[in-house]
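Novice: Provided below are the primary sequence and the corresponding predicted coordinates.
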Amino acid sequence: MNRRAFLRIAGGITTLTAAGPPSLTPSISASARQAPRRQSVSHTADIVVVGAGAFGGWTALYLREMGLSVTMVDQYGPGNSRATSGGESRQIRAGYGDREIYTRWVLEAFDRWASREAEWGKKLLFRTGQLSLAREWTKTLSDTKTVFDKLRIEYEIVKHADLVRRFPQMTMDGIEFGMFVPGTGVLKAREGCVAVAQAFERKGGRFLTAKAEPGQRTGRTLQDVALSTGERVSARTFVFACGPWLPKVFAAVMAHKLITPRRVVFFYGTPAGDERFTYPNFPAWAVDDAYGFPSIEGRGFKVVPTFEQVMVDPDTQEHTLTADEIRRGREFVARWFPALRDQPLVDSKVCQREDSIDEHFIVDRHPEFENVWLVGGGSGHGYKHGIVLGDYVAHRIVGDDKQPELAATFRLKDQAFTRR
Ligand SMILES: Cc1cc2nc3c(=O)[nH]c(=O)nc-3n(C[C@H](O)[C@H](O)[C@H](O)COP(=O)(O)OP(=O)(O)OC[C@H]3O[C@@H](n4cnc5c(N)ncnc54)[C@H](O)[C@@H]3O)c2cc1C
């Protein structure tokens, strides 16, 4: 659907009513970047997208590519360090047990990433392969295998003795099976968000650094968003892709629909001159409740353990590791990767997830507004899907839903987390 068709549905034509916004990147418009705060200026767009993470960024780009005038707003910038998409890297794995839709989307995501890499001349996807390790055969492995067979995805089941022989970097004590999926990999996350936002601007989208709040309403229609800069942006449709901030922006509707547990990510040094733990010599891996990646471009060997769930505020949580987290991270590495036992921690990231009640994404209209969409609930697995989800959301918004069977899966569920 193009802009004209959307406007026919939406019932009107819009125009910009004020000068262009400060630009996202110096390469695009350095002089405009430090524009002073403006008061009482109004802009109009067809669509406003709040949030420039993996979900909002891709949604805004696809809507712009449909020919719509789109303003994207982010309080801290695309892929910022507080955002859930703001990490160095994210896994693009294919195994989802019986949740076939996500495996299908991953297949589509690979094609889309490849074509965007070509379009932008930028390497964002590293095909490391992925190795899931298990102490015993599980229902999830069976379900994953069934889906892989159905979709003709290449994989191998590797038994203990072969795991020991093929992956000597890792201790395989107690591990009976590995499922190795050669085509999968790792994406550059923060860089990906910046690349999406740059493409959005190059294609005529308007990016603003500001905090947005729902503004004036008429009945069930939101008229505009109020920005921390003093500006207001009106639009026919609003998308709030605010990740872990959704419960802060829409407290009444989203409180207890998402939880935001702290997650810590360790990057350990690899031994000098030793490439055994470096892409492409070791795959992305998962064991028990932890996973990680080989060192990519010298950033260090990534380890993401799961500790107790501590809920955090994405605006205010400190991004430093506690002494206990450092100790537990090191214990984990010593247990599974003995050759890295004495290597230093060369980097770390602290982040938060935004888990929905069933770990499905949320793509739904706000129950009180007919023109407001809530998009989020990445639930620890959303980054890889942003490139497909954005297209799905864009089509739903313009009334051209290509996969109507998914609306129930992505509905904002009635169930909520119990108050903590
Ligand atoms: C440690 C960790 C590891 C993960 N690993 C993987 C993985 O391996 N593979 C994978 O696919 N996924 C992974 N995920 C999940 C994935 O990163 C997220 O699901 C995804 O990035 C969520 O994107 P988002 O756009 O919904 O949210 P975010 O990236 O948080 O973006 C939301 C944006 O909205 C902006 N915003 C919020 N409120 C406002 C406001 N009022 N005004 C203006 N701007 C606002 C914020 O500044 C932010 O930039 C992981 C998550 C974590 C925490």
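Specialist: Arrived safely. Being a predicted model, the structure only gives us computed values, none of them experimental. Numbering: from 1, shown residues only.
Novice: what kind of secondary structure is the closest residue to G204 other than its chain neighbours in?
Specialist: Distance criterion CB to CB, 6 or more residues apart in numbering; nearest residue to G204, sequence neighbours excluded, is R64 at 6.5 Å. Glycine gets a C-beta too; all of them are placed from N, C-alpha and C. Three-state call for R64 (DSSP: H, G, I helix; E, B strand; the rest coil): helix.
Novice: Show me the shaky parts of the chain.
Specialist: The chain contains residues with pLDDT under 70 at 1-41, 419-420.
Novice: Residue numbers of the stretch 201-350 of the chain in contact with the ligand?
Specialist: Neighbours of the ligand within the stretch 201-350 of the chain, by CB under 6 Å from any ligand atom: K211, A212, A241, C242, G243, P244, W245, V249, R263, V265, V304.
Novice: thought the first one was touching V50?
Specialist: No: using CB atoms under 8 Å, K211 makes no contact with V50, being 9.1 Å away.
Novice: In the protein, where's the longest helix?
Specialist: The longest helix of the chain (DSSP state H) is helix 100-120.
Novice: tell me which residues of it are tucked away?
Specialist: I101, Y102, T103, R104, W105, V106, A109, F110, R112, W113, R116 (16 or more other CB atoms under 10 Å).
Novice: Tell me which residues touch the last one, please.
Specialist: Think R116. L124, A195, A199, I387 (CB atoms under 8 Å, 6 or more residues apart in numbering).
Novice: Where does the residue in the stretch 251-400 of the chain that the ligand sits nearest to fall, secondary structure wise?
Specialist: Going by CB to the nearest ligand atom, the ligand is nearest to G378 of the stretch 251-400 of the chain, at 2.0 Å. Using DSSP states H and E, G378 maps to neither a helix nor a strand.
Novice: same question, D143
Specialist: helix 139-151.
Novice: Packing partners of that helix?
Specialist: Applying 3 or more CB pairs under 8 Å, 6 or more residues apart in numbering; DSSP states H and E, we find helix 139-151 packed against helix 100-120, strand 177-181.
Novice: now the first one and helix 139-151, what's the angle there?
Specialist: Put plainly, it is helix 100-120. Angle of helix 100-120 versus helix 139-151, following axes from the mean of the first three to the mean of the last three CA atoms, to 10 degrees, is 60 degrees.
Novice: next structured bit after helix 100-120?
Specialist: Taking DSSP H and E, what comes next after helix 100-120 is strand 125-126.
Novice: Partner strands of that following strand, with direction?
Specialist: strand 185-188 (antiparallel) (DSSP bridges).
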